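Peer 1: Any chance you could fold what I've pasted below:
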Amino acid sequence: MIIIRPIQNSDYESLHRIAVESGHGFTSLPVNEELLRKRISRAETSFTKEVTQPGDEGYLFVMEDTETGKVVGTSGIEAAVGLDDAFYHYHLGKVVHSSRELGIYNTVETLALCNDYTGASEICTLFLGEDYRKNNNGRFLSRFRFLFIAEHTERFSETVIAEMRGVSDDHGRSPFWDWLEEHFFSMDFPTADYLTGIGKKEFIAELMPKYPIYVNLLSDEAQKVINKVHTKTVPALRLLEAEGFARRGYVDIFDGGPTVEATRESIKSVRESSKCQVVIGEVSDTENYIICNTKVEQFRAVLVTASLRATADQVVISQEAADALQVSEGDWIRLIAN
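Peer 2: Residues are numbered from 1 along each chain as shown. Down below sits the predicted model:
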């Protein structure tokens, strides 16, 4: 069975393997033992912490194939970004140059450095091994987070964002960064990306242009990739858009990829998920549900067939599913059709 659970210290080797597999542009998992171990330790602390409002917690989950014991994917939620380190974006704006007397009116797009998303919750660190990109595992690995948020709203902000991976090639070359590198940074994209991943962000404040950049002054290649996603990220973007996430003109400062946002209560899976009591028995229906327990430290989620008794606020699940969820007859769970 495929389950999702909080990461633990014994998962380090698996997390390191995933960091290597994820490649360039996956800033949240740098190939660095000290940082990865700190990420695990921080997650373990976050899951055990008593919380009344979002702070510096970082919840990192893993997807595990219980038949083999192999960790095959990761998925994370940051409770509130930018509280310890500045959280940067470019905001796409407009400047008008006009002269009524001369009959000239020109609109120019600009990129302005900002910290507008400070304090927002962020869904992040989504990666699934290629062999498991089937059977709706990817949807499961993304959407279960919204059930966790719905169950524990006090742990998360009213605004939820996701940074989408921008355009880069197989060697980590980003057309957007190439222009910035040439004029301001003198370091390649993988190096800048890695430094950010390991927390060394001072160079951004020191070297990033302080004033708005006129987009039409960028190279044609750089202009074309602003607000565009990597081809491998398109399915993830479509899923989030179906959940109600939308672009608001914010892009990544390194690869120009879009950031999408939604208010917590407007997210489809938060809004439409429901709580039911467990009935353990034979499942007669064929519809798949994402089901999670209501715990934090012992959180579990599964994707299984279940028989929903909506009028009675009950759901029938198999003994195997109940064991995976660590629930008993009469316990409450949260679910949504997948």
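
Peer 1: For the stretch 151-300 of the chain, give me the ranges with low pLDDT.
Peer 2: Applying pLDDT under 70 to the stretch 151-300 of the chain picks out residues 197-199, 201.

Peer 1: Show me where it has its strands.
Peer 2: Using DSSP state E, counting those that start in this stretch, the strands found in the stretch 151-300 of the chain span residues 159-163, 213-214, 246-251, 258-263, 274-280, 288-293.

Peer 1: Just want the most central residue of this structure.
Peer 2: For the chain, the residue sitting closest to the mean C-alpha position, by C-alpha atoms, centre = their mean, is residue 124 at 2.2 Å.

Peer 1: Does it touch residue 39 like I think?
Peer 2: No: between residue 124 and residue 39 there is no contact under C-beta atoms under 8 Å: 11.1 Å. To be clear about C-beta, it is placed using only N, CA and C from the backbone, and glycine gets the same treatment.

Peer 1: now the residue of the chain positioned farthest from its centre: how far from residue 95?
Peer 2: In terms of distance from the mean C-alpha position of the chain, residue 101 ranks first, at 50.0 Å (C-alpha atoms, centre = their mean). Taking C-beta to C-beta, to the nearest Å as the measure, residue 101 falls 19 Å from residue 95.

Peer 1: Nearest residue to residue 39 in space, please, no chain neighbours.
Peer 2: residue 60 (6.3 Å; C-beta to C-beta, 6 or more residues apart in numbering).

Peer 1: residues contacting the one you found?
Peer 2: Applying C-beta atoms under 8 Å, 6 or more residues apart in numbering to residue 60 gives the contacts 6, 7, 39, 40, 43, 74, 75, 76, 125.

Peer 1: quick one: the host helix or strand of it to chain centroid distance?
Peer 2: Assigned by DSSP states H and E, residue 60 falls within strand 58-65. Computed by C-alpha atoms, centre = their mean, to the nearest Å, the separation of strand 58-65 from the middle of its chain amounts to 12 Å.

Peer 1: mind listing what's buried in stretch 90-108?
Peer 2: 90, 91, 92 (16 or more other C-beta atoms under 10 Å).

Peer 1: Also stretch 326-338?
Peer 2: Under 16+ other C-beta under 10 Å, the buried positions of stretch 326-338 are 327, 331, 333, 334, 335, 336, 338.

Peer 1: Please apply the same query to stretch 11-22.
Peer 2: In terms of neighbour count (16+ other C-beta under 10 Å), stretch 11-22 has its buried residues at 11, 14, 15, 16, 18, 19, 22.

Peer 1: Report the residue ranges of every domain in this structure.
Peer 2: 2-89+115-269, 273-337 (automatic domain parsing).

Peer 1: out of these, nearest to residue 106?
Peer 2: domain 2-89+115-269 (9.6 Å; C-beta to C-beta).

Peer 1: so what's residue 259 bridging to?
Peer 2: Following DSSP bridges, residue 259 is listed with bridge partners residue 163, residue 250.

Peer 1: who's in contact with it?
Peer 2: 89, 117, 161, 162, 163, 164, 247, 248, 250, 251, 252.

Peer 1: count of neighbours near the residue lying closest to residue 271 once chain neighbours are set aside?
Peer 2: Nearest non-adjacent residue to residue 271, counting by C-beta to C-beta, 6+ apart: residue 265, 6.5 Å away. By other C-beta atoms under 10 Å, the residues close to residue 265 number 13.

Peer 1: For residue 265, give its distance to residue 245.
Peer 2: In terms of C-beta to C-beta, residue 265 sits 13 Å off from residue 245.

Peer 1: If you compare the directions of the one helix or strand residue 150 maps to and strand 58-65, what angle comes out?
Peer 2: Element membership of residue 150 [criterion: DSSP H and E] is helix 137-151. Per axes from the mean of the first three to the mean of the last three C-alpha atoms, to 10 degrees, the angle that helix 137-151 makes with strand 58-65 is 140 degrees.

Peer 1: between helix 137-151 and strand 288-293, how many degrees?
Peer 2: 40 degrees.

Peer 1: Just the CA atoms of helix 137-151, as CSV, please.
Peer 2: This file holds the C-alpha atoms of helix 137-151, laid out as CSV (Å, rounded to 0.1, in the frame of the first residue of the first chain):
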residue,chain,number,x,y,z
ASN,A,137,-0.1,9.1,-7.0
GLY,A,138,1.0,12.6,-8.1
ARG,A,139,-2.5,14.0,-7.4
PHE,A,140,-2.5,12.2,-4.1
LEU,A,141,0.9,13.6,-3.1
SER,A,142,-0.1,17.1,-3.9
ARG,A,143,-3.7,17.2,-2.7
PHE,A,144,-3.4,15.5,0.7
ARG,A,145,-1.7,18.6,2.0
PHE,A,146,-4.9,20.5,1.7
LEU,A,147,-6.6,18.0,4.0
PHE,A,148,-3.9,18.5,6.5
ILE,A,149,-4.3,22.3,6.3
ALA,A,150,-8.1,21.9,6.6
GLU,A,151,-7.8,19.8,9.7
